Structures are given as C-alpha cells and as structure tokens.
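A.B. asks: Here is my input, please return the structure:
(one chain, ligands or ions: 1)
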Amino acid sequence: MCGIVGYVGHAGAGQTGPDSKAHTALDVILEGLRRLEYRGYDSAGIAVLADGRIDSRKKAGKLTNLEQELAADPLPSSQTGIGHTRWATHGGPTDRNAHPHVVDGGNLALIHNGIIENFAEHKAALVADGVEFLSETDTEVAAALLAKVYNDEAEGDLTRAMQLTSQRLEGAFTLLAIHKDHPDVVVASRRNSPLVVGLGDGENFLGSDVSGFIDFTRRAVELAQDQVVTITPDSFAITDFFGNPAEGKEFTVDWDAAAAEKDGYPSFMQKEIHDQPEAVLQTLLGRSDIDGRLTLDEMRIDPEELKKVDKIIVLACGTSAYAGHVAKYAIETWCRIPTEVELAHEFRYREPIITPTTLVVSLSQSGETMDTLMAVRYAKEQGARTMAICNTNGSTIPRESDAVLYTHAGPEIAVASTKAFLAQIVAAYLLGLYLAQLRGNKFQGEIKDILADLGKIPAKIQTVLDNAEQIQALAREMKDTQSVLFLGRHVGFPVALEGALKLKEIAYIHAEGFAAGELKHGPIALIEEGQVVFIVVPSPRGRDSLHSKVVSNIQEVRARGARTFVIAEEGDEAVKAYAEQVFYIPETQPLLAPLLTTVPLQLFAAELAAAKGYDVDQPRNLAKSVTVE
Ligand code: M6R
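C.D. replies: Now for the predicted structure:
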C-alpha cells in the first residue's frame with residue numbers, strides 16, 4: 001500500500017539515459033507516482049528541495065488532483081525530492097493527512113508507507129515537548145521524531161538521525177526524508193515494508209518497487225530488513241539501524257517501461273487478461289530439458305530434503321490463495337503429499353503443526369503482502385522449509401524464503417489480479433511435477449506428457465480470448481444485475497471463488513462462489529427467479545468425471561428460476577439444454593482446466609465494471625499490495 005518515490009540527481013542527469021532528457025525531481029517523481037498509483041490512490045503529494053528550501057504540494061484524491069494543483073501552483077525546479085501516493089490507514093484521505101509531512105518549521109519533509117504501531121507514545125512525548133501536529137497521521141509523528149532526533153542527537157547527520165529514529169519505531173514502515181541542509185541527499189529506512197534503490201548515471205532513485213523508476217533505469221538494488229539507505233547523485237550507502245555498513249544485492253529488472261503500458265487496451269486489467277498466453281509461456285520457459293526433466297534452477301532446497309517432505313502448507317491471501325487451492329488438487333494427485341491451503345492471516349494465530357519435514361509454499365504476486373510475509377516468517381521460526389512463488393523480483397517474501405520460483409507474468413498493474421493468478425497456478429504445477437519427479441511418484445513419460453499439455457495452454461487461452469465478445473456482450477447486458485453466484489466442483493471450485501472475487505472487487509456486485517456439491521446444504525435457498533448463476537462444468541471425458549453431478553446442479557438451480565450460464569469444454573453438448581448460454585473452452589486435462597475456465601470470468605468482470613463506468617484498474621477502497629496487516 002502507498003507508493004513511494006525518491007530522486008536525487010545532478011543537473012542535466014538523464015541526458016545520456018534511456019529517455020535522453022535532462023531530469024528534474026518533479027518529472028521523475030510524477031512519472032514514478034503514475035506508475036505506482038496502483039498501490040494507493042486516496043491522495044498524493046510531492047516535496048522538493050531547491051535553494052535551501054523545502055516546498056511541497058499535496059492533494060486528496062487521485063494523482064490527477066495533485067497534477068492540477070501543480071499546474072496552478074508549480075513547484076520550483078529541483079534535483080532532489082520525494083513523492084507519495086497514499087492508501088489511508090491513520091486519518092482519512094484529506095489534503096492535510098496526505099504526505100509529505102513537512103515539519104520543524106519547514107526544515108524536513110517525510111513520506112511513509114506502513115503503520116507505526118507505537119506512534120501514540122511518541123506523539124504524547126512530542127506534544128509534551130511542545131510539538132504541534134496538523135494531521136491525524138502516524139507519519140507526522142515519525143517526521144517530528146526524526147526532526148527532534150536530528151536536532152538533539154545526530155549532530156546534523158541525517159543518516160544517523162534516520163538510524164536512531166528507526167530504532168525507536170515499531171511496526172511496518174518505509175520512510176523517506178529530505179532536509180533543507182542536505183541539498184543532494186535522500187535518506188530512507190525500511191522495516192517490514194518494501195523499498196528498492198534504482199541506480200542511474202549521476203542520479204539515483206528510490207521506489208516502493210521498481211516501477212517507481214523503470215522509465216529511467218533497470219538497474220536496481222534490493223534492501224534487506226531493517227536497513228537505512230542514503231542516496232546522493234553519485235552514491236548509495238546502506239547500513240543497518242545501528243550504523244553498521246551493509247551490502248545490497250544488485251539486479252537488473254527483466255522488463256521495461258513498455259511492459260507497464262496499456263498497449264491500446266482501455267484498462268490495465270483488460271491488457272493483463274490478454275497478456276495471459278505470454279505470462280503462462282514465460283513461466284514455463286526454461287524450466288525443463290528436452291526429455292521433460294524439470295530443472296528448477298532457483299530451487300535452493302537440497303533435493304534430499306525435498307524427498308522427505310511429508311506435508312505441504314500453502315500460504316497466501318485473496319486471489320493467490322485461490323491459486324493455492326487449485327494447486328492443492330494437482331500436488332496431491334501428482335505427489336501424494338498432503339497439502340493444506342491456508343489464508344496467511346489466519347495461519348499464525350492458531351497453532352499450526354509444522355515440522356522440519358513440512359514445506360511451506362507461499363504464493364504472492366507482489367512478494368510484499370504483509371500477512372503472507374508474517375506467516376512465512378512464523379513458519380521459518382517453527383522450523384519449516386519455505387519456498388516462495390512470486391512475480392516480483394527483489395521483493396521481501398522471496399528474499400526471506402529458502403527457495404523461490406518466480407512467475408514471469410511481467411508487471412501486474414491492475415489491482416484485480418489476473419495474469420499473476422494463471423502464472424501462479426503454472427508455477428505451483430511445476431513445483432508439483434518437480435516433487436513428483438524427485439520422489440518417483442510419476443514416470444518421466446507421464447511428467448513429460450503433462451508438461452507438453454501445459455505447453456499447449458497459451459494457444460488455448462488465446463482461443464478463449466479470441467471469443468471474448470460473447471461473454472463481454474453478456475456482461476454489458478447484465479450491468480444492472482445485483483447478485484451473481486458461481487458454482488464449481490473440484491478445481492472448478494476455486495475458479496468459482498475467483499470469478500466471484502473479481503466481480504466483487506471491481507464491479508461492486510454481490511457475488512459468491514460455492515462448491516456445487518454444497519448447494520443443497522444451504523446456498524440453494526438463495527436461488528429465486530432471475531438469479532444469475534455461472535457454473536464451471538468439468539470435462540465429460542474421463543472415468544471419474546464429475547460432469548453429470550454438476551449438470552444435475554445446473555438443473556437444480558434452473559428449476560428454481562435461476563438464469564444459468566455455463567463454462568464448458570468444447571463438444572460438451574449435454575449442457576446446452578440447461579444453459580441460457582454456454583461459453584466453450586478448448587479441451588485439456590481436468591487439472592489444467594482452471595487455466596482456461598478462469599479467463600471468461602475475468603473478461604466478464606472487467607467488461608461489466610467498465611459498463612458500469614467504474615475505474616477497472618483502481619477499485620474503491622483497495623490497493624494492489626497489502627503491505628499492512
Ligand atoms: O500480492 P499478493 O499476491 O500477495 O496479493 C494477495 C491479494 O491481496 C491479492 O490477490 C488480491 O486478492 C487481489 N486484489 C485479487 O484480485
């Protein structure tokens with residue numbers, strides 16, 4: 001939550017860079033905030049340092065409000081500054097609560113992502129000291145504390161002041177500060193909240209993630225937990241909170257600014273839905289040899305240890321948890337290892353049974369979801385081996401895990417996750433097949449066949465996308481619908497949950513997903529004349545197919561007045577008699593079907609939200625990465 005950008009550069013920096021244009025702090029920060037706005041969009045603000053003075057503008061609402069303010073009342077040209085786009089926690093989304101908070105008579109400006117848990121005690125002490133607060137935020141308290149430490153203890157050393165302040169703060173925070181006496185310095189600190197450094201030529205950057213500076217450089221440095229970093233135009237220096245020097249890990253971002261553009265689609269979500277063939281392809285690439293033997297290079301856990309794994313716990317939240325539910329079916333089928341899927345925020349508040357032979361697999365697009373991060377840390381403390389399936393290079397969860405399997409879906413900007421979901425399923429399937437290969441649960445030929453079928457999925461997703469108009473037309477027709485139910489069985493059940501979540505998130509429609517078998521145990525009471533029900537129907541092929549059972553479920557809801565819309569496999573004629581419309585997907589193995597059946601539901605939600613006139617990419621109350629608990 002909250003997007004953070006920092007910039008410091010020499011005058012003229014950027015002229016030899018990718019955009020060959022001299023950079024100013026304002027241009028760089030605004031561009032970064034545009035890219036990071038998906039993290040929070042309640043308010044935005046910028047502070048710059050010019051001629052020994054800090055000047056700032058901040059405005060409630062989306063970034064465009066700040067841009068209008070800047071047009072009416074420009075900031076001075078500067079080479080040093082910080083910018084913020086907010087997802088409100090302490091204090092409502094008002095101009096006053098927006099960041100930066102400029103304190104100490106205009107000497108210091110600070111922005112923050114996270115929640116400072118002990119802000120009340122610091123505030124009381126600062127008030128007793130005569131400090132007056134203008135906002136309701138915990139951030140202003142951190143700013144005032146930093147100013148006090150700078151003035152009273154740090155002898156004019158801003159880095160030292162940030163180290164001392166960070167030692168005294170509890171909770172989650174990324175802090176960025178500038179001070180009027182340090183014209184070419186931005187100092188930052190992080191605990192339990194994301195921050196990466198971008199390296200330029202005669203300029204350096206800070207961002208909540210690499211999209212904060214991707215227009216200017218692809219060279220980045222990861223920071224570890226509890227670190228302070230000081231950037232100047234020509235240097236960056238990392239320490240811990242006690243001033244001990246530390247090294248950062250440099251990496252190159254493997255996508256460029258163009259990948260974060262809409263490519264002519266009306267929304268990022270639409271574009272990302274259409275990116276899915278590529279996201280799946282990229283996630284599969286380079287993970288197996290010509291004989292179909294999986295070679296997971298990033299797997300840093302000893303194969304001997306993996307052979308001994310007797311339980312897998314999948315930890316995730318939201319859409320990523322639904323990917324975990326899909327993966328459970330495959331992992332248990334292929335590897336015969338009991339697999340539990342648990343919402344990360346529930347996990348550590350019970351007494352989960354974890355042993356050294358438990359493998360904990362976290363799924364997170366951002367790699368920064370606080371609930372998931374805390375659950376992973378808890379699992380590590382309890383002795384589990386941890387593995388991250390993640391889409392964001394340099395993020396915290398993979399860095400703190402024993403092993404990582406990156407999904408290569410490319411940047412996902414829309415708050416509603418789409419391509420990351422499919423890529424997570426694919427990566428979890430690769431893990432399942434890898435374990436089956438190691439442990440000898442499957443013959444190599446069987447693994448090779450499944451991999452070959454996975455390899456055909458991108459083209460099949462493309463076929464679904466080529467037929468998008470059918471479901472999009474239905475979405476437009478249904479724009480005033482009040483309630484939609486989704487039913488599925490087996491791997492179709494988490495797909496139903498995901499279909500419902502998409503609709504809730506971006507179209508604000510009441511939507512629920514159910515296991516179709518559960519209908520008669522309660523949910524069928526919801527069915528009345530005209531109730532819209534989507535049913536994800538399994539393939540009729542195969543001995544153990546649940547097809548006929550799900551067809552009975554369709555009949556049951558239809559008999560009670562439901563309007564039934566069916567997602568079914570090509571050639572399934574049996575469903576036609578019970579459906580107002582059928583949306584066909586290409587044939588595939590039952591376990592791979594979610595990679596196809598999810599797509600029409602994503603298209604439906606995106607089109608319906610757009611037809612209602614909503615902001616598809618930035619739905620109300622949500623942020624892309626939930627970096628607070
Ligand atoms: O970044 P993560 O995958 O850890 O995020 C988890 C959830 O917050 C996320 O999937 C959320 O549910 C999405 N908005 C769903 O579209």
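A.B. asks: alpha carbons only for contacts and neighbour counts from here, please
C.D. replies: OK.
A.B. asks: now residue 568, what's its secondary structure?
C.D. replies: strand (DSSP: H, G, I helix; E, B strand; the rest coil).
A.B. asks: Could you check how many residues crowd around it?
C.D. replies: Residues near residue 568, counting by other Cα atoms under 10 Å, number 26.
A.B. asks: how far away is it from the ligand?
C.D. replies: 23 Å (Cα to the nearest ligand atom, to the nearest Å).
A.B. asks: Does that residue touch residue 587 like I think?
C.D. replies: No: Residue 568 is beyond contact range of residue 587, at 9.3 Å (criterion: Cα atoms under 8 Å).
A.B. asks: Overlap in contacts, the two.
C.D. replies: residue 539 (Cα atoms under 8 Å, 6 or more residues apart in numbering).
A.B. asks: Need the per-residue pLDDT for residue 17.
C.D. replies: Residue 17 is assigned 69 on the pLDDT scale.
A.B. asks: now swap in residue 542 and tell me
C.D. replies: pLDDT, residue 542: 75.
A.B. asks: show me what contacts residue 19?
C.D. replies: 215-216.
A.B. asks: Repeat that for residue 231.
C.D. replies: 8, 185-187, 204-205, 237.
A.B. asks: With residue 235 instead?
C.D. replies: Contacts of residue 235 (Cα under 8 Å, 6+ apart): residue 204.
A.B. asks: Now with 7 Å, please.
C.D. replies: For residue 235, the contact set (Cα atoms under 7 Å, 6 or more residues apart in numbering) is empty.
A.B. asks: contacts for stretch 445-460?
C.D. replies: By Cα under 7 Å, 6+ apart, stretch 445-460 touches 277-278, 280-281, 292, 433, 586.
A.B. asks: Now for the closest residue to the ligand within the stretch 401-550 of the chain, how many residues are close by?
C.D. replies: The nearest approach of the stretch 401-550 of the chain to the ligand comes at residue 416, 3.4 Å away (Cα to the nearest ligand atom). The number of residues packed near residue 416 is 29, by other Cα under 10 Å.
A.B. asks: State the distance from the closest residue to residue 323 other than its chain neighbours to residue 125.
C.D. replies: Of all residues not flanking residue 323 in the chain, residue 425 sits nearest, at 5.4 Å (Cα to Cα, 6 or more residues apart in numbering). Here the criterion is Cα to Cα, to the nearest Å. By it, residue 425 lies 50 Å from residue 125.
A.B. asks: what's the burial count for residue 611?
C.D. replies: 18.
A.B. asks: Let me know whether it touches residue 477 as I believe.
C.D. replies: No: the pair residue 611 / residue 477 is not scored as a contact, 8.9 Å apart, by Cα atoms under 7 Å.
A.B. asks: Centroid-nearest residue for the protein?
C.D. replies: residue 366 (3.4 Å; Cα atoms, centre = their mean).
A.B. asks: Need the nearest residue in space to that residue, chain neighbours excluded.
C.D. replies: Nearest to residue 366 is residue 392, by Cα to Cα, 6+ apart, at 5.5 Å.
A.B. asks: can you check residue 265 too?
C.D. replies: Counting by Cα to Cα, 6+ apart, residue 265 lies nearest to residue 271, which is 5.5 Å off, once chain neighbours are set aside.
A.B. asks: Kindly give the local confidence score, pLDDT, for the one you found.
C.D. replies: 95.
A.B. asks: isn't there a helix covering it?
C.D. replies: Yes: per three-state DSSP, residue 271 lies within a helix segment.
A.B. asks: wait, what's in contact with the residue nearest to the centre of the chain?
C.D. replies: Applying Cα under 7 Å, 6+ apart, the residues near residue 366 are 390-392, 625.
A.B. asks: pretty sure residue 57 is in contact with residue 44, am I right?
C.D. replies: No: the criterion here is Cα under 7 Å, and residue 57 misses it with residue 44 at 8.6 Å.
A.B. asks: State the phi and psi torsions of residue 196.
C.D. replies: phi -130, psi 150 (degrees, to the nearest 10).
A.B. asks: list the contacts for the closest residue to residue 617 other than its chain neighbours?
C.D. replies: Excluding its sequence neighbours, the residue lying closest to residue 617 (Cα to Cα, 6+ apart) is residue 414, at 4.5 Å. Going by Cα under 7 Å, 6+ apart, residue 414 touches 38, 268-269, 617-618.
A.B. asks: Give me the distance between residue 19 and residue 28.
C.D. replies: For residue 19, the distance to residue 28 - Cα to Cα - is 11 Å.
A.B. asks: ignore the last one, residue 171
C.D. replies: 29 Å.
A.B. asks: Look at those two and report which has more neighbours.
C.D. replies: Neighbour totals were compared for residue 171 and residue 28, and residue 28 leads with 23 against 15 (other Cα under 10 Å).
A.B. asks: for that one, helix, strand, or coil?
C.D. replies: helix.
A.B. asks: ok so, going back, if you count what's nearby, which of residue 425 and residue 125 comes out ahead?
C.D. replies: Each of residue 425 and residue 125 has its neighbours counted (other Cα under 10 Å); residue 425 has more, 28 against 12.
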